[in-house]
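> sequence first, predicted coordinates after that:
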Amino acid sequence: MVRIGQRLIQVAIICIGISFVSFVLLHLTGDPVTVMLSLDAPEEEIALFRHKMGFDRPIVVQFLAYLKNAVRGDFGNSLFLERPAVSLVLERFPASLILISTGLSIALIIAIPLGIISAFKSHSFIDNFCTSFAVMGQAIPLFWFAIMMMIIFCIQLRWLPVSGYGTWKHLILPSFCMGIWQSPPTMRLIRSGMLDILSQDYIRTARAKGLSEGKVVVKHAFKNALIPVVNLVGLQFGFLVGGAVVTETVFSWPGVASLLLNAIRTYDFPVVQAALFLLALLIITVNLIVDVIVALIDPRIRDRQG
Amino acid sequence: MNSLGKTRPRLYKALKVLWKVRMGVFGAMIVCSVCALAVFAPYIAPYNPYEGDITKRLMPPFWAEKGSTAHLLGTDHIGRDLLSRIIFGSRVSLVVGSVSVLIATTIGVLLGLIAGYRGKIWDWIISSMVNIMITFPFVLLALAVIAVVGPNFRNMLLVLGLTAWPVFTRVVRSEVLKWKEIDFVQAARAMGMKGNRIIFSEIFPNLISTVIVLSSLEVARMIIVEAFLSFLGLGVQPPTPSWGGMLGESRVYMLTSWWLATFPGIAIFITTLGINLMGDGMRDFFDPHLRYQFLSSSAERG
């Protein structure tokens, strides 16, 4: 429990840190007033607008006011849509979550068996094949891969819709792209984790007892390999969000990332800040959940906490 | 290692090691070729990458119907030669990749050395910064900054460099923590050597190979990020040929002209693959433990 308490403090620090970074960044050079009002707007109107939005206060004051509101979930209204930025972002969350979770599942479905097989038959043909595949896979830029898949399956073969959202057909290609893109690094990590476990004493003992290889894999090795896999999901989640930015852009998927990108382009500060903050919160929450799960399934940590 | 291995000439041993890391050598060859393309682009490229012939727009590659050997990979929407643009595009990717990694390495290694060696409050501050930066998807951070400071070549170099350092800090910090406890460093400290000298003359030389390997792998990642930024229109601005920018332009013509999206992507793929292979090969080559294994196993077989 102490551990979780410490983590929560860390979470708070990270959230404040990220909001500070995003806040300062967006105030570095971009003056939203010049973007929002037309160039020939009279001086008084600009000054009035600036005052109304609070842009004329010192930056530290602006940040504290922003932080105070952010804690209450209030990031202000979108500069263009006159709606609370938070609700705009939250509306887009389900789409992103669906994409990320199906992508992650596909990556794990591909990576876990391949990782285990290549660890067991290390330096065999299968292992070499999988490893070279992983090396190649890691060199493919996701956005190009997505475009290629689109050209093949949507334009040439016409099996799937090019972009959009709503039915399972729309989900197939984006989530497969994410999954296939994410599987090489996942596979490599599972392979090395598994190799690590296979060299442990208890595996040797199990083999010495005369257990069949299948039993060794399932009962002894895999159970222990689960811990690094769960840990890995937490670690990879941040990358997946990065991947979602790419995938959502290419497939015009209506998720948080595409909203954010749009907001960045139009200097819609409140939306950018709300999206960055909530995405960070999401990543941190997932990591926190992963920590709790690991603590529950890993007897070494579980017993220490009593 | 047996006596057989020792009697072989040195060159033979070196060749054996090179053969063991042959994929790395292959990667290095790819990297050298791409560098050569970038340096000698004006002499190699068949056409000017900026000038198009509008009457020859959207020509497919030479093997396709209506293709011509005058434009081997076809032409783009304003009739510019795709091959020439890809050759010139290598310049952007390589410069962005190497310069941004140079910036990131310098910052990251310095902070890592400080955090690892000084410890205490320094470690706490630097590690918190690393945690914040690493928790957050790097692409988003880079995107947000570039959109704010304005998309151009110099800003992109700076932004990529200034956002990519945490990886180096994390690795260097943990390495320093390990080396700090080793006897010769302890001895240097007992002899009264100053902290900075211990860091730079006793600890740092042991980290060089790790840093080189990590940087080379990072170059590949930066090339992909640069391509993505340019793809979104937030990186290198047209008409400068860049692989990502070409992919971005190709989206409009995706329905009819598949080659516009395909070839720049293949160029990115080959380059990053070469760099990754080279990086992995260097890791194996620098690892004394692995090198010993190579030599002993080859000696046993030989």
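That came through fine.
> shaky segments in chain A?
Chain A contains residues with pLDDT under 70 at A:1-4, A:25-41, A:50, A:52-56, A:166, A:301-306.
> can you check chain B too?
Using pLDDT under 70, the flagged stretches of chain B are B:1-8, B:138, B:288-302.
> so how far is B:I212 from the residue positioned nearest the centre of it?
Nearest to the geometric centre of chain B sits B:V219, at 1.6 Å (C-alpha atoms, centre = their mean). Using C-beta to C-beta, to the nearest Å, we find B:V219 at a distance of 11 Å from B:I212. (Each C-beta comes from the backbone N, C-alpha and C, glycine too.)
> same thing with A:G243?
Counting by C-beta to C-beta, the gap from A:G243 to B:I212 is 28 Å.
> phi, psi of B:T75?
Here is the backbone geometry of B:T75 (degrees, to the nearest 10): phi -130, psi 160.
> so it makes contact with B:S84?
No: contact criterion C-beta atoms under 8 Å: B:T75 and B:S84 do not qualify, at 9.7 Å.
> ok, the two, which is more surrounded?
Neighbour totals were compared for B:T75 and B:S84, and B:T75 leads with 29 against 24 (other C-beta atoms under 10 Å in any protein chain shown).
> list the contacts of the nearest residue to the more buried one once chain neighbours are set aside.
Distance criterion C-beta to C-beta, 6 or more residues apart in numbering or on different chains; nearest residue to B:T75, sequence neighbours excluded, is B:M59 at 4.4 Å. By C-beta atoms under 8 Å, 6 or more residues apart in numbering or on different chains, the residues touching B:M59 are B:66-68, B:71, B:74-75, B:79.
> which single one of these is nearest to B:S127?
The shortest gap between B:S127 and any of those belongs to B:G74, at 50.9 Å (C-beta to C-beta).
> give me the number of residues near that closest one?
As a burial measure, B:G74 scores 25 neighbours (other C-beta under 10 Å).
> give me phi/psi at it?
phi 90, psi -170.
> surely it is in contact with B:R85?
No: counting by C-beta under 8 Å, B:G74 sits too far from B:R85 to count as a contact (10.7 Å).
> B:K66 - how many residues pack around it?
Residues lying near B:K66 (other C-beta under 10 Å) number 9.
> who's in contact with it?
Counted by C-beta under 8 Å, 6+ apart, B:K66 has contacts B:59-60.
> name the SS class of it, please.
Assigned with DSSP: H, G, I helix; E, B strand; the rest coil, B:K66 falls in the coil class.
> remind me, longest helix of the chain?
In the absence of a named chain, chain A is used. If you go by DSSP state H, chain A has its longest helix at helix A:85-120.
> actually, chain B is the one I wanted.
Of all segments of type helix in chain B, defined using DSSP H, the longest is helix B:82-118.
> contacts for the helix or strand that that one is followed by, please.
Downstream of helix B:82-118, the next assigned helix or strand under DSSP states H and E is helix B:120-135. Contacts with helix B:120-135, where a contact means C-beta under 8 Å, 6+ apart, come from A:10, A:13-14, A:17-18, A:21, A:238, A:280, A:283-284, A:287, B:111-112, B:114-116, B:141, B:163, B:165-167, B:169-170, B:173.
> change it to 10 Å
With C-beta atoms under 10 Å, 6 or more residues apart in numbering or on different chains as the test, helix B:120-135 has contacts from A:10-11, A:13-18, A:20-21, A:235, A:237-238, A:280, A:283-284, A:287, B:108, B:110-112, B:114-118, B:141, B:163-170, B:173, B:177.
> stretch A:192-199 now?
A:112, A:115-120, A:122, A:203-204, A:207, A:216-217, A:220-229, A:231-232.
> which ChimeraX command selects the buried ones in these?
Here is the ChimeraX command that picks out the buried ones among the contacts of stretch A:192-199, judged by 16 or more other C-beta atoms under 10 Å in any protein chain shown:
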select /A:112,115,116,117,118,119,120,203,216,217,220,221,224,225,226,227,228,229,231,232
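> what about the contacts of stretch A:192-199, which are in helices?
A:112, A:115-120, A:203-204, A:207, A:223-229, A:231-232.
> show me what whichever strand or helix holds A:A47 is packed against.
Per DSSP H and E, A:A47 falls inside helix A:43-53. Judged by 3 or more C-beta pairs under 10 Å, 6 or more residues apart in numbering or on different chains; DSSP states H and E, helix A:43-53 is in contact with helix A:32-36.
> wait, a strand at B:L247?
No: assignment of B:L247 by three-state DSSP gives helix, placing it outside any strand.
> so what's the residue count around it?
When neighbours are counted by other C-beta under 10 Å, B:L247 registers 25.
> what about it, distance to A:A134?
Taking C-beta to C-beta as the measure, B:L247 and A:A134 are separated by 24 Å.
> and if you look at A:L235?
17 Å.
> which one's more surrounded, those two?
With neighbours defined as other C-beta under 10 Å, A:L235 and A:A134 compare such that A:A134 has more, 21 against 15.
> quick check: that one touching A:M187?
Yes: using C-beta atoms under 10 Å, A:A134 is in contact with A:M187, at 5.3 Å.
> now stretch A:143-162, how far from the centre of its chain.
The gap between where stretch A:143-162 is centred and where its chain is centred comes out at 24 Å by C-alpha atoms, centre = their mean, to the nearest Å.
> also stretch B:204-212?
Distance of stretch B:204-212 from the chain centroid (C-alpha atoms, centre = their mean) equals 17 Å.
> that older thread, what residues sit buried inside the longest helix of chain B?
For helix B:82-118, the neighbour count (16+ other C-beta under 10 Å) marks B:82-94, B:96-101, B:103-105, B:107-117 as buried.
> same question for stretch B:157-167.
For stretch B:157-167, a neighbour-count test (16+ other C-beta under 10 Å) marks B:157-161, B:163-167 as buried.
> so stretch B:147-165, near chain A or not?
Yes: with C-beta under 10 Å from any C-beta of the partner chain as the criterion, chain A is reached by stretch B:147-165 at B:147-150, B:159.
> export stretch B:30-45 as CSV, just CAs?
Output in CSV follows, covering the C-alpha atoms of stretch B:30-45 (Å, rounded to 0.1, in the frame of the first residue of the first chain):
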residue,chain,number,x,y,z
ILE,B,30,23.6,0.2,-46.6
VAL,B,31,24.3,3.2,-44.5
CYS,B,32,27.4,4.0,-46.4
SER,B,33,25.5,3.8,-49.7
VAL,B,34,22.8,6.1,-48.5
CYS,B,35,25.4,8.6,-47.3
ALA,B,36,27.1,8.4,-50.6
LEU,B,37,23.8,9.1,-52.3
ALA,B,38,23.3,12.1,-50.1
VAL,B,39,26.7,13.5,-50.7
PHE,B,40,26.9,13.0,-54.4
ALA,B,41,23.2,13.6,-55.1
PRO,B,42,23.7,16.3,-57.7
TYR,B,43,25.9,13.9,-59.7
ILE,B,44,23.8,10.8,-59.3
ALA,B,45,20.3,12.1,-59.7
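> how close does A:A274 sit to B:T163?
21 Å.
> what do you get for B:V109?
In terms of C-beta to C-beta, B:V109 sits 16 Å off from B:T163.
> and the stretch 1-150 of chain A, which of its residues are near chain B?
Applying C-beta under 10 Å from any C-beta, we find that the stretch 1-150 of chain A lies next to chain B at A:10-11, A:13-18, A:20-22, A:24-30, A:131-132, A:135-145, A:147-148, A:150.
> okay, and which of these map to helices?
Among those, the ones falling in helices (DSSP H) are A:10-11, A:13-18, A:20-22, A:24-28, A:131-132, A:135-139, A:142-145, A:147-148.
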